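Visitor: need a 3D model of the sequence below.
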Amino acid sequence: ARNVSGATFVCWSARRAPYWQETESKSRPYNLMKITFPAAVAAILMTSCTMNNPLLVESDAPYGAPAFDKIKLEHYEPAFEEAIAQYNKEIDAIVANEEAPSFENTVAALDRSGKLLADVEGVFFNLLETDGTDEMMEIAERVTNKITECSDNIMLNADLFARVKAVKENQDLQANLGAA
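Guide: All right, here's what the predicted structure looks like:
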């Protein structure tokens, strides 16, 4: 195996050089296809799962209620993964904001973040309690660790804490100046 920029490339055959070192032009396309084809298939499947996943699209049901009749077991884990990824992006955007920390761009933005994850969790865990199956319990075991890790990463994010602390200190300063 060879690690390049965080990606690990595995040599397909112990007797042959990895595709990036081969000199034979005949075998290069074959080895490249071994890596490219599975990646393309995975990208297509992930895109189609996201587009056809009722947990990840806005419902047309009254009051935005989830489309329970369309939700299947195979929708839950991709929905959790997408929701966690989106939540992490929202937190990263708050931390990366170059403006001075304010209530709106830090605290309010933090409060608005994670809506998709909350929606997916709400549907899944409520259905787990009412109509839980062994398969749903297995999904719950797998996704609970991911949700906990996501939450821990947010709660222990030093840069996010620094922004929230700056907002609080600025409010305290404004309150003290107003009282004087």
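Visitor: what about residue 68, how many residues nearby?
Guide: Neighbour count for residue 68, taken as other C-beta atoms under 10 Å: 12. The C-beta positions use only the backbone N, C-alpha and C, and glycine is treated the same way.
Visitor: and what of residue 61?
Guide: 13.
Visitor: for the closest residue to it other than its chain neighbours, give its distance to residue 59.
Guide: Take residue 61 and drop its neighbours on the chain: the residue closest to it by C-beta to C-beta, 6 or more residues apart in numbering is residue 67, 5.9 Å away. The gap separating residue 67 from residue 59 is 5 Å, by C-beta to C-beta, to the nearest Å.
Visitor: repeat that for residue 116.
Guide: Looking at residue 116 against residue 59, where the rule is C-beta to C-beta, the gap reads 13 Å.
Visitor: ditto for residue 78
Guide: With the distance defined as C-beta to C-beta, residue 78 ends up 17 Å from residue 59.
Visitor: these two: which is more packed in?
Guide: Ranked by neighbour count (other C-beta under 10 Å), residue 78 and residue 59 place residue 78 first, with 18 against 15.
Visitor: ok, which stretches of the chain are helices?
Guide: 27-51, 73-96, 109-112, 115-131, 134-155, 158-179 (DSSP state H).
Visitor: could these go into CSV alongside distance to residue 102 and mean pLDDT?
Guide: Below are the helices of the chain laid out as CSV (distance: least, C-beta to C-beta, whole Å; pLDDT from 0 to 100):
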stretch, distance to residue 102, mean pLDDT
helix 27-51, 33, 51
helix 73-96, 11, 97
helix 109-112, 9, 95
helix 115-131, 21, 95
helix 134-155, 19, 95
helix 158-179, 6, 83
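Visitor: with that, I have no additional questions.
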